[in-house]
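1. Coordinates only, no sequence provided:
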């Protein structure tokens, strides 16, 4: 399945806590609600609950559990400019494994990898080869795509540790439970800053040109 290139840019005009909670609830990965409410609920039921304007503030409050202050000034600054965190993770992971991506040039394997990580991530890796981290080659495209996603999410999680608690939670809630963003290693922490700087610059340039 190809990588999603979607964007959920928040409405910067939100000022009331209830509006902020609705915006948060609408952007959360549905699986978060399944674990919170009832794992047996069908996807269609979860979608209806998640999109209910009446229920959204309560659902968001349950997810936050008092961890952040909804009325804080930091709320209006989305760490990823409203873009999907998986997209940012794939971009970061593609740089991490750029050497392997560049070597995967066979007519059979390259289309498989591009289908898995997206053409944008492939091109991004080639463009930023000089910033690659991994030195051990991975030749299997499916294994490489999994490692790109793992290291990319871990870098994203490490980078989020340096942002505000509001910014970190808002991005993590847009991801499924259990990604590597929740458990970055020291290696990811040392590389996260430079890689995510490139990713955010890319996203910012895209927003400016929109």
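-> Yep, it's here. As the structure is a computational prediction, the values presented were derived from the model and not from experiment.
2. For the rest of this, base every contact and every neighbour count on C-alpha atoms.
-> Fine.
3. List the buried residues in stretch 113-133.
-> Under the neighbour-count criterion of 16 or more other C-alpha atoms under 10 Å, stretch 113-133 has 113-114, 116-119, 121-126, 128-129, 131-133 buried.
4. Identify all contacting residues around it.
-> The contact list for stretch 113-133 (C-alpha atoms under 8 Å, 6 or more residues apart in numbering) reads 1-4, 90-91, 94-99, 101-102, 141-142, 144-145, 191, 195.
5. Quick one, which of those residues are buried?
-> Neighbour counting with 16+ other C-alpha under 10 Å marks 3, 90-91, 94-99, 101, 141, 144-145, 191, 195 as buried within these.
6. Quick check: of those, which lies closest to residue 171?
-> Set against residue 171, the nearest of the buried ones among the contacts of stretch 113-133 by C-alpha to C-alpha is residue 90 (14.6 Å).
7. From residue 116, how far out is the closest one?
-> 10 Å (C-alpha to C-alpha, to the nearest Å).
8. for the strand or helix carrying residue 123, the distance to its chain's centre please.
-> Assigned by DSSP states H and E, residue 123 falls within helix 119-127. Remark: helix 119-127 is offset 17 Å from the chain centroid, using C-alpha atoms, centre = their mean, to the nearest Å.
9. Beyond it, next helix or strand please.
-> Downstream of helix 119-127, the first helix or strand assigned by DSSP H and E is helix 141-160.
10. tell me which strands and helices that following helix is in contact with?
-> Here helix 141-160 touches helix 85-96, helix 109-117, helix 165-172, helix 186-209, going by 3 or more C-alpha pairs under 8 Å, 6 or more residues apart in numbering; DSSP states H and E.
11. If we use 7 Å, what do you get?
-> Applying 3 or more C-alpha pairs under 7 Å, 6 or more residues apart in numbering; DSSP states H and E, one finds that helix 141-160 contacts helix 85-96, helix 109-117, helix 186-209.
12. Distance to residue 176 added to the ones you listed, as JSON lines?
-> Output for those, formatted as JSON lines (distance: least, C-alpha to C-alpha, whole Å):
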{"stretch": "helix 85-96", "distance to residue 176": "10"}
{"stretch": "helix 109-117", "distance to residue 176": "17"}
{"stretch": "helix 186-209", "distance to residue 176": "20"}
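13. Give me the domain ranges for the protein.
-> Domain assignment for the chain, taken from automatic domain parsing, gives 17-74, 85-209.
14. I'm done for today, thanks for sticking with me.
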